[in-house]
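Q: generate coordinates for the sequence data below:
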Amino acid sequence: MKKVYSLIFLLLFTGAAFAQKQGIEQAYVDRLIKTLSADDMQGRKTFEPSSEKAADFIAKEFKAIGLKTLPGLSGYKQTFTVNRIKPGTPEVKINDQAVDPGKVFIITDQPGLQWQKSGGAAIDVVSIGAQDSYSQKMGELMKAHKNTLVLINPAHQDIFTKYRNYFGKGNTSLASTAAEQGSLVVVLHETAEPASYQVKVTNQVQTSQISNVVGIIPGKKQKDEKVVFSAHYDHIGILKPVDGDSIANGADDDASGTTAVITLAKHFKKQKAPARSLIFVAFTAEEIGGYGSQYFSKQLDPEKVVAMFNIEMIGKPSKFGKNTAWITGYEKSDFGKILQKNLDGTQFTFHADPYPDQDLFYRSDNATLARLGVPAHSISTDEIDIDKRYHSVDDEYDSLDIANMTQVIRAIAQSASSIVAGKDTPSRVNAAALR
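A: Okay, the predicted model is just below:
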């Protein structure tokens, strides 16, 4: 019996010491997430005033903490320009036969297109046959950034319709990369190799400015090496009312991650100066394509980024129970093993992503830097396979477990300690192996 009491005492003491050592207060966490997920934030949708309101709040917190601004910026907002494309009605002919506009969608950042088989811009023609993987082929074409006419076999009509419903609403692109982007004209058509084709469309282009929020703690001994702590502060705004509620508050997605980033900034600012420089960033526009992280990544030398802790939905306990979290792409570097080593002697454990079929490594802001070789991983606790509150009006503050969330943040702080101190360097991600 004495052994049992001793074990209980050890566990309780270890947990208390863990919390005390980190100096991360639950009341502070609670205040931040309650503010970010409040109704007056109106769901923090990109391009809406509510998004700007959230950015202002985060910047104010960074200033209160005493973070430095990025070199070249006058404040904490990293503002950049995007083009928002509202597509016109496409006019497409294949072998001189007009195609129903309902069987066409276009992915472009150009104000207009005018293609034909003879002359003009160099256009590739690619067919996706009945036996081909539609998603794989489209993914490859979207990454290739070439002007391409894509002919889809009608066997793929269902998934074609889903893509058309999404891209038919328009798309967004970084204005700074407009010259790098190719256009895809995607047509549901049996012909695989047309003798002739014509494409004509005129689009409306609206230029908008949006902002990441970024603060830094400069390093000392290895100041040119960067460790990034990130989350996205945007969400999806106002939805169709459900029982009188229309605000998708995004408490877990991802006010929880943004709260963690601010809290970690405060924690590390109170410590002695880190060996490596620490960057704390709240991304915009994750929900509409990850444009905030795309722009951010272009401002850094990826070879100088040692690790990225991207924090995505930590507001509720994971499937593994309290005091646990999981890491996307666990097998792609030794990032997770280093984090767990730094938690030896605590009750907290990190696990590999239990939802590989959900493709989560590629669905958050870590993916942009990971594709550049950075050991960039997302940390989460969400039970995404059964989370009925995800992207709904029910993702509210009162659905969260703030105590467990605070423990997750404490664990991230301690697990990062050897990387921040310059003692451990995670292995690089094999970017060539990523899709």
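Q: from now on I want contacts and neighbour counts done on CA atoms only, so please keep to that.
A: Fine.
Q: where do the strands sit along the stretch 101-250 of the chain?
A: Taking DSSP state E, counting those that start in this stretch, the strands of the stretch 101-250 of the chain run over residues 104-107, 112-116, 124-128, 148-152, 171-174, 184-188, 197-202, 204-217, 222-232, 238-242, 245-247.
Q: contacts for the third one?
A: Yep, that's strand 124-128 we're talking about. For strand 124-128, contacts defined as CA atoms under 8 Å, 6 or more residues apart in numbering pick out Y134, K137, K146, N147, T148, L149, V150, L151, I152, N153, A192, E193.
Q: quick one: strands adjacent to it?
A: The partner list of strand 124-128 in its sheet, established with DSSP bridges, is strand 148-152 (parallel).
Q: what angle sits between the strand it pairs with and strand 112-116?
A: Orientation of strand 148-152 against strand 112-116 (axes from the mean of the first three to the mean of the last three CA atoms, to 10 degrees) gives an angle of 80 degrees.
Q: can you give me how far strand 148-152 is from the chain middle?
A: 29 Å (CA atoms, centre = their mean, to the nearest Å).
Q: now do that strand against strand 184-188, angle only.
A: Inter-element angle recorded for strand 148-152 and strand 184-188: 20 degrees (by the same axes, to 10 degrees).
Q: can I get the strands of the stretch 101-250 of the chain in TSV including distance to D39?
A: As requested, the strands of the stretch 101-250 of the chain are exported to TSV (distance: least, CA to CA, whole Å):
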stretch	distance to D39
strand 104-107	34
strand 112-116	39
strand 124-128	45
strand 148-152	43
strand 171-174	27
strand 184-188	39
strand 197-202	39
strand 204-217	21
strand 222-232	18
strand 238-242	10
strand 245-247	7
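Q: out of those strands, which gets nearest to I58?
A: Minimum separation from I58 across the strands of the stretch 101-250 of the chain (CA to CA) falls at strand 204-217, 7.0 Å.
Q: which other helices and strands contact the closest one?
A: Applying 3 or more CA pairs under 8 Å, 6 or more residues apart in numbering; DSSP states H and E, we find strand 204-217 packed against helix 49-65, strand 77-86, strand 276-283, helix 291-298.
Q: most tightly packed of the ones you listed?
A: Most buried of the helices and strands packed on strand 204-217, by mean neighbour count (mean count of other CA atoms under 10 Å): strand 276-283, with a mean of 26.
Q: tell me which strands it pairs with, and in which orientation.
A: Using DSSP bridges, strand 276-283 pairs in its sheet with strand 204-217 (antiparallel), strand 222-232 (parallel).
Q: what's the domain layout of this protein?
A: Structural domains assigned to the chain are 20-81+210-433, 88-202, following automatic domain parsing.
Q: and the last one, end to end?
A: Taking CA to CA, to the nearest Å, the span from the opening residue of domain 88-202 to its closing residue is 5 Å.
Q: any idea of the mean pLDDT in that domain?
A: Mean pLDDT, domain 88-202: 90.
Q: same question, stretch 394-408
A: The average pLDDT for stretch 394-408 rounds to 98.
Q: ok, residues contacting that stretch?
A: Residues from elsewhere that reach stretch 394-408, judged by CA under 8 Å, 6+ apart: 19, 24-26, 29-30, 33-34, 37-38, 248-253, 256, 314-317, 322-325, 389.
Q: and if we set it to 7 Å?
A: With CA atoms under 7 Å, 6 or more residues apart in numbering as the contact definition, stretch 394-408 has outside contacts at 26, 29-30, 34, 37, 248-252, 314-317, 322-323, 389.
Q: what comes up buried for it?
A: Under the neighbour-count criterion of 16 or more other CA atoms under 10 Å, stretch 394-408 has 394-397, 400-408 buried.
Q: so how far is that stretch off the chain centroid?
A: Distance of stretch 394-408 from its chain centroid, counting by CA atoms, centre = their mean, is 20 Å.
Q: circling back to that earlier point, the contacts of stretch 394-408 in helices, which ones?
A: Residues from these lying in helices, with DSSP state H as the criterion: Q26, V29, D30, K34.
Q: what about the third one, how many neighbours?
A: By that I understand D30. Other residues within reach of D30, judged by other CA atoms under 10 Å, total 18.
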